[in-house]
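Novice: pasting the sequence and the predicted model now:
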Protein chains: 2
Amino acid sequence: MLFSHACQYAMQAVLYLARQQSDSYVSIKEIAEKNNISFHFLVKILQKLTQQGILISYKGPKGGVSLAKPADQITPLEIVDAIDGLSFCNMCILGMPGCDEHHPCDLHHKWSRIREEIYEMLSEKSIAELID
Amino acid sequence: MLFSHACQYAMQAVLYLARQQSDSYVSIKEIAEKNNISFHFLVKILQKLTQQGILISYKGPKGGVSLAKPADQITPLEIVDAIDGLSFCNMCILGMPGCDEHHPCDLHHKWSRIREEIYEMLSEKSIAELID
DNA sequence: ATTATTTAAGACAAAAGACTCTTAAATCTA
DNA sequence: TAGATTTAAGAGTCTTTTGTCTTAAATAAT
């Protein structure tokens, strides 16, 4: 699996938020229920996104979370970075310790190209473009 | 991370075996030391490959493991299948429950193409071709 | 036969990932 | 002000992955 469950949930939540019409806060409970995600687990994940400046949160009744910036200025890459980190960008697919451009493993070049495509998939389109 | 550590170790071990000139058995201890893999852990992993018919093993002094068939008849895909399984081939990258060709998630099509390239990377070249 | 070497098998432990629960703090409504 | 709602924070649990250890079985060499 490329991304952790936490990371997948984070992306689902942000896509859900971006699909909401109004700019008001959406409760994490609603996001969890509509996306079949464990509520308490999602709370922790979205806290990270809030700390990273991707979401803003508000306590109390009518509180919840919302996107910290317009959906056309957020990419999935930011979310992956916030939750899983971007280490997949420079990790050898065979886990070879010294593998790099100068000492490539047997799958290095092929994997490099695929890795770039994954990076592209995560960065070429904003959340706003993805939900169209 | 796309593949588990166990799966990465398995591929490293098979590539190491394929690089050996002679057809005699190579001890798991040697494979572990030369590839910086925990010996006991590697034993368990290679046992699986033996059970799957990818390796053959022999006990006692001068024993060890060797490829069960010529290296040009083994692909990395078989090894991944034996250790991690091939579920990545039909898993939604966002973990969306109902995601498929008819109900695609927002990254589905892009990910489908990348997934096919990963499949190709693992199946187009045999272990023998990879070590050239 | 005895001993050393090597895989087989399974129990065990440590770490990480995936949740769960409780208490506190903020804020709205009445 | 009191009560209800919602996020914040952190401890706790369960499962999977990773790694270790021990004992048994096979086999070669002496």
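Specialist: Structure received. Keep in mind that this is a model prediction, so the values were computed, not measured.
Novice: for the residue nearest the centre of chain A, give me its contacts.
Specialist: Central residue of chain A (CA atoms, centre = their mean): A:Ile79, 2.8 Å from the mean position. Neighbouring residues of A:Ile79 by CB atoms under 8 Å, 6 or more residues apart in numbering or on different chains: A:Cys7, A:Ala10, A:Met11, A:Val14, A:Leu49, A:Ile54. All C-beta atoms are positioned from the backbone trio N, CA, C, and that covers glycine.
Novice: pull up the residues of chain A that are close to DNA strand C.
Specialist: A:4-6, A:38, A:40-41, A:43-44, A:58-63 (CB under 7 Å from any atom of the strand).
Novice: repeat that with 10 Å
Specialist: When proximity is defined as CB under 10 Å from any atom of the strand, chain A approaches DNA strand C at A:1, A:3-9, A:25, A:32, A:37-45, A:57-63, A:83-85.
Novice: mark which of those are part of strands, please.
Specialist: A:Ser57, A:Tyr58 (DSSP state E).
Novice: from the residues of chain A next to DNA strand C, which land in helices?
Specialist: Filtering those for membership in helices, criterion DSSP state H, returns A:5-9, A:32, A:39-45, A:83.
Novice: of the residues you listed, which ones also sit close to chain B?
Specialist: Of the residues in these, proximity to chain B by CB under 8 Å from any CB of the partner chain holds for A:His5, A:Gln8, A:Tyr9.
Novice: contacting residues for the closest residue to DNA strand C within chain A?
Specialist: Residue nearest to DNA strand C within chain A: A:Gly60 (2.8 Å; CB to the nearest atom of the strand). Neighbour list for A:Gly60: empty [criterion: CB under 8 Å, 6+ apart].
Novice: 10 Å - rerun?
Specialist: Neighbour list for A:Gly60: A:Tyr25 [criterion: CB atoms under 10 Å, 6 or more residues apart in numbering or on different chains].
Novice: tell me the pLDDT of it.
Specialist: For A:Gly60, the pLDDT comes out at 97.
Novice: okay, the ones next to chain B among the ones in helices among the residues of chain A next to DNA strand C in a markdown table with pLDDT next?
Specialist: Formatted as a markdown table, these follow (pLDDT from 0 to 100):
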| residue | pLDDT |
| --- | --- |
| A:His5 | 98 |
| A:Gln8 | 98 |
| A:Tyr9 | 98 |
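Novice: near DNA strand D, which residues of chain A?
Specialist: Taking CB under 10 Å from any atom of the strand, the part of chain A that reaches DNA strand D is made up of A:1, A:25-32, A:39-51, A:55-66, A:95.
Novice: buried only: go through these for me.
Specialist: Among the residues of chain A next to DNA strand D, those classed as buried by neighbour count (16 or more other CB atoms under 10 Å in any protein chain shown) are A:1, A:25-26, A:28, A:31-32, A:42, A:45-46, A:49, A:55, A:57, A:64-66, A:95.
Novice: next, the buried residues of stretch A:86-94.
Specialist: Neighbour-count burial for stretch A:86-94 flags A:Phe88, A:Cys92, A:Ile93, A:Leu94 (criterion: 16+ other CB under 10 Å).
Novice: for those residues, which two are the farthest from each other?
Specialist: Farthest apart among those by CB to CB are A:Phe88 and A:Leu94. That separation is 13.6 Å.
Novice: quick one: residues contacting A:Leu42.
Specialist: A:Leu42 neighbours (CB under 10 Å, 6+ apart): A:Ala6, A:Tyr9, A:Ala10, A:Gln12, A:Ala13, A:Ile28, A:Lys29, A:Ile31, A:Ala32, A:Glu33, A:Asn35, A:Val65.
Novice: ok, for it, nearest residue in space, not its chain neighbours?
Specialist: Of all residues not flanking A:Leu42 in the chain, A:Ala32 sits nearest, at 4.6 Å (CB to CB, 6 or more residues apart in numbering or on different chains).
Novice: please list all residues in contact with the nearest residue to A:Ile56 once chain neighbours are set aside.
Specialist: Setting aside the residues directly before and after it, A:Ile56 is nearest to A:Ala68 in space (CB to CB, 6+ apart), at 4.8 Å. Each residue near A:Ala68 by CB under 10 Å, 6+ apart is listed here: A:Leu49, A:Thr50, A:Gln52, A:Gly53, A:Ile54, A:Leu55, A:Ile56, A:Ser57, A:Ile74.
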